[in-house]
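# here is my input; please provide its structure:
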Amino acid sequence: MGEGGLTEVFLNESKEIIGNLESDIVTLEERNDDQEIINRIFRYFHTLKGSSGIAGFTVIYEFTHNLESLFDKVRSGEMKVNRNIIDILLDSIDYIKEELFGNADPDHSGKIRAELTESINSFLGKNEEKEETEDFMDAVGAYKGVGSNERFFRIRAAFREDIFSNGIDPLMVIEDLSGLGDFTYLAVDEKRIPDFNRLDPEKCYMAWDIILKTQFDEMKIRDVFLFVYDDNEIDIENVTDKYSSAKGNLFLEEKKLGEILVEKGIINDNELEDLVRLQNDKNYKLGDIIVQKGLASSKQVDDALNEQDRLKKKIEISTVRVDSTKLDNLMNLLGEIVIGQASLHRIADEIEEEKAFILKNSLYGLDRVTREFQEQIMSIRMVPIGPTFEQFKRFVRDAAHSMGKEIKLRVEGGDTELDKTVIEKIGDPLKHMIRNALDHGIETADERKKAGKPPYGTVTLKAYHQEGNVYIDIIDDGRGVNLEKIKKKAVTLGLLSPEEEITKEKLISIIFSPGFSTTEQTSDLSGRGVGMDVVKTNIEELRGSVEIRTKDKEGTLIRIKLPLTLAIIEGMLVRIGRSILIIPLLSVIETIQVKKEDYKTVEGKGEVILVRGEYLSLVRLNELFGMEANFTNPWEALIVIVESGGERIGIMIDDLIGQQQIVIKSLDNYISTSRSISGATILGDGKVALILDIHGMAEEIKNK
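Here you go, the predicted model:
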């Protein structure tokens, strides 16, 4: 891998690690004794340190080395997590982000690094006059729980051939190991190295056999191999006793099952000799004989076998990082396949019956495989929303502190999956809504106490699947939306007349008007009149919708409805005159024909139809888009009942063609600015058909 490629891999991985670190550090502030989170943070720092060293980011390597040392004290129980440590960790993360991804001024960056290093050293208890070249042992200080007696460990480390592709340098791992003590024996397994003409410079053929003399325990040694332990052949064995009796014979033989059981005190040497003799005579497995004779339980033998053959039985988990552009290209190619299939189906409908039967049978199998292919690609593109939610923990913490409020962020449904494109575009709208909840919704601690609430407010991010869509709820337990204040502001801005009667839902919808804000003073968080209108626009561009529900003094719920994917949908093809339009199948409730007496014209609502006791607005697509229609009377045409945001409307069409998969193609604004159109698709005959946006259509009807 080239130097540029290695840097790119490092930066991509670092961005993910830093996001996870921020989330876990903020969570740790609330659960400061959660050992699982503590261990996870330590592993992140360890990975960041190792990766930065490999990628040549020496400054980051040295800085994260100190952070790792600091958090090692937390992990070992020497130091308790408090607000000061959390602040230092988060400030350090900010520095690392600026150093890696920002345009940091070298002088300013150096000053920040020096200040943070001084703070970290004060926690580590380092003497400032010590030389900067002190070794790793001095940096972390005396390790608690380890006695002064020397210990000997035998380490066998054989690394996978493709380890370089994971951004790991085995030499740096061995170098870290050397910092824990002295190598009294070091040998390289040359048998793994192939002939020169077969040697691949991008593969690793190295394996080491080491005897380490150290004062640290086995856990500390395992930490060195933390990120290579599961995927490589790493065997660590405490040989302190055997090393002493070996009298200089440093290279130890492999252990056999009987030797392991003797060492554990389960059987003695005499019993082992008898068992081996019996095994040779009867050609039985030694483990079976030991269990049959009652000298050890099956579990004890299994444990010994696992210890003996642990590395061979280990399950290797390998992952491949793929450029997201390649996934997008695959999705585009799949779209072309779907369009091609639609063309073949059209041909099958037009040719003679016998040939059509043969072609349709062949297409049936192709349809099944293509659908499975689509599901597989979609599953690859689907990513959990949890990491997106977690990144807001830091934002909520910092914003709450700046406002003098106590606010907790709770995350639910983090494993809910969405298309990666949706995930990438939902971050900003979510941030706007969380910002509003923090500033407008949650009260100060004193206000909450007076209202009989706990002093800290809670903002909940919740994601879940329902009816083929993904819903994201942003819930706060604050004061709720002040409808009277909204009305006064709307009158001031000319959005309402003082005498105008308006429903609660209509009043709340004014929040989404451009430039609307009820905040009197501009702050870093709000008051600039930019926010909820951007939210609505961005979400509608994702073919989604947003609604607000609020209860005075109890809180507010903002609900976002999003499609699972933006690429391929199931659509219903309908005909208006000579034109074909697409209605997303998820929006379709039913298709009916109405009686003449069920058609009415209502003042203020326009044309309506009566469906099972409920009057629904009627939409004539030919009038909406300027098309010619075959039918002008609703009782002669077909009516498709669709639903949007809990509201149903009837769409008048000439004919229903059928259902098929639709590949969505976006339209530029200069082609169509209608909110009733979400995009277009290419049909099997090569013609273009417009895709209806039911939510946008419903909004246009309301605003008429």
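
# quick one: end-to-end length of stretch 185-198, please.
Chord length of stretch 185-198, first to last residue, is 30 Å (Cα to Cα, to the nearest Å).

# what's it in contact with?
Outside stretch 185-198, the residues within contact range by Cβ atoms under 8 Å, 6 or more residues apart in numbering are 158, 199, 205, 206, 207, 208, 209, 210, 211, 250, 251. Where C-beta positions appear, they are placed from N, C-alpha and C, glycine not excepted.

# the first one and residue 232 touch, don't they?
Going back to what we said before, that points to residue 158. Yes. At 6.7 Å, residue 158 counts as touching residue 232 under the criterion of Cβ atoms under 8 Å.

# count residues in the vicinity of residue 199, would you?
Residue 199: 10 surrounding residues under other Cβ atoms under 10 Å.

# which ones are touching it?
So residue 199 contacts 193, 205 (Cβ under 8 Å, 6+ apart).

# coming back round to it: residue 158 and residue 232 - which one has more neighbours?
Taking other Cβ under 10 Å, residue 158 and residue 232 do not tie; residue 232 has more neighbours (21 against 18).

# and the more buried one, what does it touch?
Residue 232 touches 157, 158, 159, 160, 163, 225, counting by Cβ under 8 Å, 6+ apart.

# what is the burial count for the fourth one?
Looking back up the chat, that one is residue 160. Residue 160 sits with 18 neighbouring residues when counted by other Cβ under 10 Å.

# now the nearest residue to it once chain neighbours are set aside: how far from residue 579?
Nearest non-adjacent residue to residue 160, counting by Cβ to Cβ, 6 or more residues apart in numbering: residue 232, 5.4 Å away. Per Cβ to Cβ, to the nearest Å, residue 232 is found 63 Å from residue 579.

# equivalent analysis for residue 194, please.
67 Å.

# neighbour count winner among those two?
A count of neighbours by other Cβ under 10 Å puts residue 579 above the other of residue 194 and residue 579, at 17 against 11.

# what comes up buried for stretch 89-101?
By neighbour count with 16 or more other Cβ atoms under 10 Å, stretch 89-101 contains the buried residues 89, 90, 92, 93, 94, 95, 96, 97, 99, 100.

# same question, stretch 267-276
Within stretch 267-276, the residues scored as buried using 16+ other Cβ under 10 Å are 267, 271, 272, 275.

# do stretch 180-192 as well
By 16+ other Cβ under 10 Å, the buried positions in stretch 180-192 come out as 180, 181, 183, 185.

# which one of those sits closest to residue 511?
The shortest gap between residue 511 and any of the buried residues of stretch 180-192 belongs to residue 180, at 59.8 Å (Cβ to Cβ).

# was I right to think the closest one contacts residue 221?
Yes. Counting by Cβ under 8 Å, residue 221 is a contact partner of residue 180 at 6.4 Å.

# between those two, what contacts are shared?
212, 214.

# other SSEs contacting the helix or strand harbouring residue 156?
Using DSSP states H and E, residue 156 maps to strand 151-158. Strand 151-158 is packed against helix 170-178, strand 207-214, helix 218-224, strand 233-238, helix 240-246, with contacts defined by 3 or more Cβ pairs under 8 Å, 6 or more residues apart in numbering; DSSP states H and E.

# tell me the mean pLDDT for it?
Averaging pLDDT along strand 151-158 yields 85.

# can you pull out the strands in the stretch 251-400 of the chain?
382-384 (DSSP state E, counting those that start in this stretch).

# show me the shaky parts of the stretch 301-450 of the chain.
307-321 (pLDDT under 70).

# which residues in it form helices?
Assigned by DSSP state H, counting those that start in this stretch, the stretch 301-450 of the chain shows helices spanning 324-350, 353-381, 386-390, 392-403, 420-436, 445-450.

# looking at those, which is nearest to residue 501?
helix 420-436 (26.6 Å).

# about what we covered before: how far away is the residue nearest to residue 160 from residue 157?
Counting by Cβ to Cβ - residue 232 and residue 157 are separated by 7 Å.

# need the residues touching each of the two.
The contact sets of residue 232 and residue 157 overlap at residue 225 (Cβ under 8 Å, 6+ apart).

# surely residue 551 touches residue 480?
Yes. Counting by Cβ under 8 Å, residue 551 touches residue 480, with 5.4 Å between them.

# mind listing what's buried in stretch 371-382?
Buried residues in stretch 371-382, counted by 16+ other Cβ under 10 Å: 374, 377, 378, 381, 382.

# next one: stretch 569-585
Buried residues in stretch 569-585 (16+ other Cβ under 10 Å): 569, 571-576, 579-584.

# which one of those residues is nearest residue 51?
Nearest to residue 51 among those, counting by Cβ to Cβ, is residue 569 at 40.1 Å.

# secondary structure element holding that closest one?
Following DSSP H and E, one finds residue 569 within strand 568-576.

# relative orientation of that strand and helix 353-381 in degrees?
Computed by axes from the mean of the first three to the mean of the last three Cα atoms, to 10 degrees, the angle separating strand 568-576 from helix 353-381 equals 130 degrees.

# quick revisit: which two in the buried residues of stretch 267-276 are spaced the farthest apart?
It's 267 and 275 that sit farthest apart of those, by Cβ to Cβ, at 7.4 Å.

# before we move on, the earlier item: of the buried residues of stretch 267-276, closest to residue 327?
Closest to residue 327 out of the buried residues of stretch 267-276 is residue 267 (56.7 Å), distances taken as Cβ to Cβ.

# related to what we said a few turns ago, tabulate the buried residues of stretch 180-192 in TSV, adding columns for pLDDT.
Listed next are these as TSV, based on pLDDT from 0 to 100:
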residue	pLDDT
180	82
181	82
183	83
185	76
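
# helices - which of those residues land there?
The subset of those located in helices under the criterion DSSP state H is empty.

# stretch 415-425: which residues count as buried?
Buried residues in stretch 415-425 (16+ other Cβ under 10 Å): 416, 417, 418, 419, 420, 421, 422, 423, 425.

# then stretch 628-645?
Buried residues in stretch 628-645 (16+ other Cβ under 10 Å): 629, 631, 634, 637, 638, 639, 640, 641, 642, 643, 644.

# just stretch 71-82 next, same as before
For stretch 71-82, the neighbour count (16+ other Cβ under 10 Å) marks 71, 72, 73, 74, 75, 76, 79, 81 as buried.

# setting the sequence-adjacent residues aside, check what's closest to the third one.
Ranked by Cβ to Cβ, 6+ apart and with sequence neighbours excluded, the top spatial neighbour of residue 73 is residue 79, at 4.2 Å.

# contacts only, for the one you found.
Going by Cβ under 8 Å, 6+ apart, residue 79 touches 70, 73, 85, 123.

# need the max-distance pair from those.
73 and 85 (9.6 Å).

# can you list residues touching both of these two?
By the contact definition Cβ under 8 Å, 6+ apart, residue 73 and residue 85 are jointly contacted by 79, 123.

# sorry, back to before: counting by contacts, list what the helix or strand that the strand holding residue 569 is followed by packs against.
Going down the chain from strand 568-576, the next helix or strand is strand 579-584, by DSSP H and E. For strand 579-584, the packing partners by 3+ Cβ pairs under 8 Å, 6+ apart come out as strand 568-576, strand 688-692.

# can I get these in a markdown table with distance to residue 370 and mean pLDDT?
Output for those, formatted as a markdown table (distance: least, Cβ to Cβ, whole Å; pLDDT from 0 to 100):
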| stretch | distance to residue 370 | mean pLDDT |
| --- | --- | --- |
| strand 568-576 | 10 | 85 |
| strand 688-692 | 20 | 85 |
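
# wait, residue 38 sits on residue 74?
Yes. With contacts counted by Cβ under 8 Å, residue 38 reaches residue 74, the gap being 6.0 Å.

# quick one: low-confidence parts of the stretch 1-150 of the chain?
Judged by pLDDT under 70, the stretches of the stretch 1-150 of the chain that qualify are 1-6, 104, 125-149.

# can you give me the strands in it?
Under DSSP E, counting those that start in this stretch, the stretch 1-150 of the chain gives no strands.
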